[in-house]
Structures are given as structure tokens and as C-alpha cells.
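> model this:
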Amino acid sequence: MNTWIKNGFSISTNKDYLDIDAIHKFLSEEAYWALGRPKETIKKSIDNTTLCFGVYKGDVSKGDVEQVGFARVVSDLTIFAYLADVFIVPEYRKLGLSKWLMEVITNHPDLQNVRRFMLVTNDAHTLYSQFGFKAIDHPERFMEKFRG
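Residues are numbered from 1 along each chain as shown. Here you go, the predicted structure:
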């Protein structure tokens with residue numbers, strides 16, 4: 001588990017620090033991709049995710065912090081990784097936290113040799129392209145089984 005500290009904020013991969021209530025509130029009430037998602041589903045997705053990144057106001061290792069962001073990476077740490085549920089709460093946007101979060105994620109030592117790193121976004125292409133993400137070269141090769 002790692003922790004990064006910068007400008008009065010911290011990012012940690014320690015799942016024990018995550019505020020499940022805050023994550024659930026944002027995802028189920030504000031995130032277009034997760035509206036109405038039950039808390040139990042969010043908790044199970046976190047429990048079964050390889051790397052979770054919590055973003056906090058304050059030094060998370062000292063306690064008394066507020067969770068202001070989150071992301072998770074589902075991966076085998078070798079061939080495939082999928083970035084999901086990325087957010088910074090509205091009150092803390094425009095402070096560079098999303099860029100810092102992406103720097104931490106893309107530079108994480110366990111993800112350096114992953115062959116294919118994917119994500120899906122409706123509106124954050126500019127952010128993700130700064131970190132090497134691009135449109136899929138051959139979308140006709142990709143398929144999905146979606147259960148709304």
C-alpha cells in the first residue's frame with residue numbers, strides 16, 4: 001500500500017482508509033455511469049478490485065481527512081487493466097487533483113508492464129489523453145456483454 005502527499009491532499013491505495021459512504025453517495029447520486037448503484041454493489045466492487053486509489057483532503061495517514069476523490073483499477077497487473085469509477089467531488093475540482101490522481105495511477109509500479117490499459121469515458125477524453133490513452137485502433141474487434 002502506498003501513500004502520496006501533495007499540497008494538503010493525499011492519495012492512498014490502502015482500502016482501509018476509503019470512506020464507502022462518500023464513494024457510494026457520489027457514484028449513486030452524481031456519476032452518470034453509476035446512478036442508483038446500490039451500496040452493497042459498490043462495496044463488493046471495491047473489495048474485489050486490485051488497486052483502489054482514494055483522494056483525501058489532509059494527510060490520510062494522520063487521520064481526520066475528507067475523501068474528495070476515488071478511482072479503481074481492475075487488473076491482473078500483467079496483461080490487462082481497466083480504470084473505473086474515477087471522480088473528484090465538485091467542490092475540489094479545478095485544483096489539479098484529477099491530473100495528480102492520473103499521474104499516480106499511470107506511474108504506479110504495479111501497472112508499469114500492463115500491456116493493455118483501458119477505460120470508458122463520456123466526457124473526459126482531454127484528461128485521459130494527457131496520460132497516453134487514445135481511441136481504440138480497431139473498435140470492430142471489441143465486444144461486450146452488458147447487463148444494464
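> residue ranges with poor pLDDT in the protein?
Along the chain, no part satisfies pLDDT under 70.
> Enumerate every residue touching the residue sitting nearest the centre point of it.
By CA atoms, centre = their mean, the chain has its centre lying nearest to A71, at 1.3 Å. Each residue near A71 by CB atoms under 8 Å, 6 or more residues apart in numbering is listed here: C52, F53, V55, L83, A84, D85, V86, F87, L101, I105. Heads up, the C-betas are built off the backbone N, CA and C, glycines and all.
> Tell me where this structure has helices.
20-30, 39-47, 97-107, 125-129 (DSSP state H).
> Now tell me what touches the third one from outside.
Applying CB under 8 Å, 6+ apart, the set of residues contacting helix 97-107 from outside is 4, 6, 9, 11, 51, 53, 55, 68-69, 71, 73, 83, 86, 88, 111, 117, 124, 127-128, 130-132.
> how about that helix: buried residues?
L97, S98, W100, L101, M102, E103, V104, I105, T106 (16 or more other CB atoms under 10 Å).
> Which one of the residues you listed is nearest to D16?
Within these, the smallest distance to D16 is 18.0 Å, found for V104 (CB to CB).
> my read: V74 touches Y82, true?
Yes. Using CB atoms under 8 Å, V74 is in contact with Y82, at 4.6 Å.
> Compute the number of surrounding residues for I88.
21 (other CB atoms under 10 Å).
> Identify the bridge partners of it.
I88 forms beta bridges with G69, as assigned by DSSP bridges.
> how near is it to F26?
9 Å (CB to CB, to the nearest Å).
> Ok, D16 next?
Relative to F26, D16 is positioned 19 Å away (CB to CB).
> and what of E40?
16 Å.
> So which of the two has more stuff around it?
F26 (21 against 9).
> what about the more buried one, distance to R116?
From F26 across to R116, the span is 28 Å (CB to CB).
> Show me the strands in the chain, by range?
3-6, 9-12, 51-57, 66-75, 80-88, 116-119 (DSSP state E).
> Kindly provide the distance from the closest residue to L119 other than its chain neighbours to K39.
Once flanking residues are discounted, L119 sits nearest to L83: 4.0 Å by CB to CB, 6 or more residues apart in numbering. Distance of L83 to K39, given as CB to CB: 22 Å.
> who's more crowded, the two?
The residue with more neighbours, out of L83 and K39, is L83; 24 against 14, by other CB under 10 Å.
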